[in-house]
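Asker: Just need the structure, nothing else, for what follows:
(one chain, ligands or ions: 2)
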Amino acid sequence: MLELRPTCENCNTPLPPAATHARICTYECTFCANCVDTVLDNVCPNCGGGFVPRPVRPSKNWKGDNWLGKNPASTKVRHRPVDPAAHARFAATLKAIPPHQR
Ligand SMILES: [Zn+2]
Ligand SMILES: [Zn+2]
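Answerer: Numbers count the residues shown, from 1 in each chain. Ligands and ions are numbered 1, 2, ... in the order given. Next comes the predicted model:
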């Protein structure tokens, strides 16, 4: 199950469970859309993979106890800002490789 991490790992902006600008990689590294677009170039600084929008977990118990009240968001902040210059080099290296060969 997704942890729903509370903030952007780079800029620490809050990303509450209902945020539609939260982005995650396959390992659930979590960033805001602004950092993914302007700093990360859609390359995860931790694993090199890409990002997708993080699904919103329902805030109400619509069905079967599958909701935030039963499975609350994580409160553990993981603020590990990237070095923009180093990341730009990393991203450029990966972007030179076709997506299906990364
Ligand atoms: Zn951010
Ligand atoms: Zn990652």
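
Asker: Next up, the contacts around residue 21.
Answerer: Neighbouring residues of residue 21 by CB atoms under 8 Å, 6 or more residues apart in numbering: 15, 32, 33, 34. Heads up, the C-betas are built off the backbone N, CA and C, glycines and all.

Asker: What count of nearby residues applies to the third one?
Answerer: What that stands for is residue 33. Neighbours of residue 33 under the rule other CB atoms under 10 Å: 17.

Asker: Ok, the second one next?
Answerer: Around residue 32 sit 22 other residues, with neighbours defined as other CB under 10 Å.

Asker: Quick check: the gap between it and ligand 1.
Answerer: 3 Å (CB to the ion, to the nearest Å).

Asker: And that residue, its phi and psi?
Answerer: Phi and psi for residue 32, reported as degrees, to the nearest 10, are phi -80, psi 160.

Asker: That one touches residue 23, doesn't it?
Answerer: Yes: judged on CB atoms under 8 Å, residue 32 makes contact with residue 23 at a distance of 7.0 Å.

Asker: Tell me how far the residue lying closest to residue 46 once chain neighbours are set aside lies from ligand 2.
Answerer: Nearest residue to residue 46, sequence neighbours excluded (CB to CB, 6 or more residues apart in numbering): residue 29, at 4.9 Å. Per CB to the ion, residue 29 is found 4 Å from ligand 2.

Asker: And residue 63, by the same measure?
Answerer: For residue 63, the distance to ligand 2 - CB to the ion - is 31 Å.

Asker: Show the pLDDT at that residue.
Answerer: As predicted, residue 63 sits at a pLDDT of 97.

Asker: Next: the one 4 residues further on.
Answerer: The pLDDT attached to residue 67 in the predicted structure is 98.

Asker: so what's it up against?
Answerer: 57, 58, 59, 60, 61.

Asker: Among the residues you listed, name the buried ones.
Answerer: Buried members of the contacts of residue 67, counted by 16 or more other CB atoms under 10 Å: 57, 58.

Asker: quick check, nearest of the contacts of residue 67 to ligand 1?
Answerer: Closest approach to ligand 1 among the contacts of residue 67 (CB to the ion): residue 57, at 20.1 Å.
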